[in-house]
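Q: From the sequence below, what's the structure:
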Amino acid sequence: MSEFYLFFQFESIWLFLPARYQIGRFSQLVFTTTDDGVSIRTLLDRVKGYAASLLVVKTSDGDVFGAFCSEDWAKRYEMKSELSFFGTGESFLFTCLPRSRVYPWVGWTSKVGDIPSTYQCLFMAANSSTIVIGGGGGGCGLRFNSDLSRGRSETCSTFENQPLCVAGDFLTSTLEVYGLMP
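A: The predicted model follows:
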């Protein structure tokens with residue numbers, strides 16, 4: 001059984017997923033640092049081909065948080081530069097422990113007629129050495145550099161989130177990635 005089920009149940013955030021994923025309920029654990037190591041390249045290879053993904057991090061301090069990423073990570077190959085943002089406003093960040101909270105895209109929560117800025121539409125980006133989920137305002141909602149053993153969470157304009165863990169910087173105890181298909 002995965003670490004994910006020991007610390008957090010899918011049902012807690014399932015209602016926040018787009019309806020096509022709630023109905024199909026096809027999810028598969030495609031990557032875990034416990035079995036697959038800490039290589040960003042390996043993670044990106046394993047999640048390729050899934051319409052969306054759910055990343056769940058448990059830190060060495062016991063915090064549990066993550067992100068729903070709304071597009072196939074292979075889309076990064078279609079971008080003009082090596083590290084370009086893509087994805088949709090269906091993406092969101094969440095925390096589970098010590099407190100449960102979902103941070104949807106600001107475009108879903110803004111007033112009617114307000115058009116989100118470019119800096120509020122930085123959903124997901126990756127290359128062989130970096131994964132970023134959420135950006136703008138000088139911070140990244142969730143970021144891994146060089147490998148998956150450590151990361152950082154900051155306030156970002158895309159989700160107007162608080163850092164997902166108290167310290168901001170974290171050591172990864174376990175990272176699990178679920179591939180989703182409608």
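
Q: Look up how far D147 lies from the closest residue to G87 other than its chain neighbours.
A: Leaving out its chain neighbours, the residue that sits closest to G87 by C-beta to C-beta, 6 or more residues apart in numbering is F123, at 2.9 Å. In this view, the C-beta of every residue, glycine as well, is placed from N, C-alpha and C. F123 sits 22 Å away from D147, taking C-beta to C-beta, to the nearest Å as the criterion.

Q: So for these two, which sits in the more crowded spot?
A: F123 (25 against 17; other C-beta atoms under 10 Å).

Q: And the spatially closest residue to I131 that is not a sequence neighbour, how far from S153?
A: Closest residue to I131 apart from its sequence neighbours, by C-beta to C-beta, 6+ apart: F144 at 4.6 Å. Distance of F144 to S153, computed by C-beta to C-beta: 10 Å.

Q: Around the closest residue to D147 other than its chain neighbours, how many other residues sit close by?
A: Distance criterion C-beta to C-beta, 6+ apart; nearest residue to D147, sequence neighbours excluded, is V38 at 4.3 Å. V38 has 15 neighbours, counted by other C-beta under 10 Å.

Q: Surely V38 touches N145?
A: No: in this structure V38 lies outside contact range of N145 using C-beta atoms under 8 Å: 11.7 Å.

Q: Run through the residues that contact the residue most central in space within the chain.
A: Nearest to the mean C-alpha position of the chain, counting by C-alpha atoms, centre = their mean, stands A67 at 2.7 Å. By C-beta atoms under 8 Å, 6 or more residues apart in numbering, the residues touching A67 are 54-55, 91-94, 124, 133-134, 141-142.

Q: Could you check which helix or strand contains it?
A: Element membership of A67 [criterion: DSSP states H and E] is strand 64-69.

Q: Direction included, what does that strand pair up with?
A: strand 52-59 (antiparallel), strand 92-97 (antiparallel) (DSSP bridges).
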